[in-house]
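>>> Only the shape, not the letters, is given here:
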């Protein structure tokens with residue numbers, strides 16, 4: 001499945017982790033940071049060398065279908081108490097789903113499109129963050145201050161979307 005990490009990795013370089021180690025065994029010298037290594041199509045990065053390669057793409061977009069009402073169902077599932085035996089737990093999940101469907105909180109057939117846009121920070125013609133304004137769209141961009149990928153903008157209904165990868169592509 002194509003996701004933000006896959007697309008931005010192709011754009012900016014292989015995804016890697018920078019781990020600052022300490023001389024003390026088992027200790028680190030700071031926080032682990034996800035970084036882009038070499039192999040990017042927009043920016044070519046090697047240790048001590050960064051070269052812009054492609055300014056012709058303003059952004060790359062991923063189109064996904066997802067169900068915005070599923071977040072409500074997930075909240076219902078989360079309210080089921082821990083410690084139930086598997087049969088009681090499954091029974092409660094079925095009851096929660098049936099109730100949410102009956103009341104219209106969860107609509108299992110309500111798939112809609114969602115656009116995920118990954119912006120090219122070296123584009124000759126940058127795409128404005130508000131170029132796509134769907135209620136569930138999200139915009140990813142490299143922050144100029146730290147060079148890291150950030151969720152830069154979201155549509156009004158974005159926060160109703162589960163962030164646990166339950167989107168269907």
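Right, received. Where do you want to start? What you see is a predicted model, and the numbers here were worked out from it, not measured in a lab.
>>> Quick one: find the helix or strand in the chain with the lowest mean pLDDT.
Least confident helix or strand, the chain: strand 43-46 with a mean of 61, by mean pLDDT, DSSP states H and E.
>>> pLDDT weak spots in this structure?
Residues of the chain meeting the criterion pLDDT under 70: 1-2, 14-18, 26-30, 32, 34-52, 156-169.
>>> Now do the same contact list for residue 138.
Neighbouring residues of residue 138 by C-beta atoms under 8 Å, 6 or more residues apart in numbering: 114-117, 151, 153-155, 158. Every C-beta, even on glycine, is put in place using the N, C-alpha and C of the backbone.
>>> Tell me where the chain has helices.
Taking DSSP state H to define them, one finds helices in the chain at 4-12, 70-78, 86-103.
>>> Now tabulate those helices in JSON lines and tack on distance to residue 126.
What follows is these, written out as JSON lines (distance: least, C-beta to C-beta, whole Å):
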{"stretch": "helix 4-12", "distance to residue 126": "14"}
{"stretch": "helix 70-78", "distance to residue 126": "32"}
{"stretch": "helix 86-103", "distance to residue 126": "42"}
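>>> So residue 76 versus residue 95, what's the distance?
Distance, residue 76 to residue 95, by C-beta to C-beta, to the nearest Å: 9 Å.
>>> count of residues packed around residue 54?
Counted with other C-beta atoms under 10 Å, the neighbours of residue 54 add up to 15.
>>> Surely it and residue 60 touch.
No. Using C-beta atoms under 8 Å, residue 54 is not in contact with residue 60; the gap is 10.9 Å.
>>> In contact with residue 77, which residues?
So residue 77 contacts 93, 96 (C-beta under 8 Å, 6+ apart).
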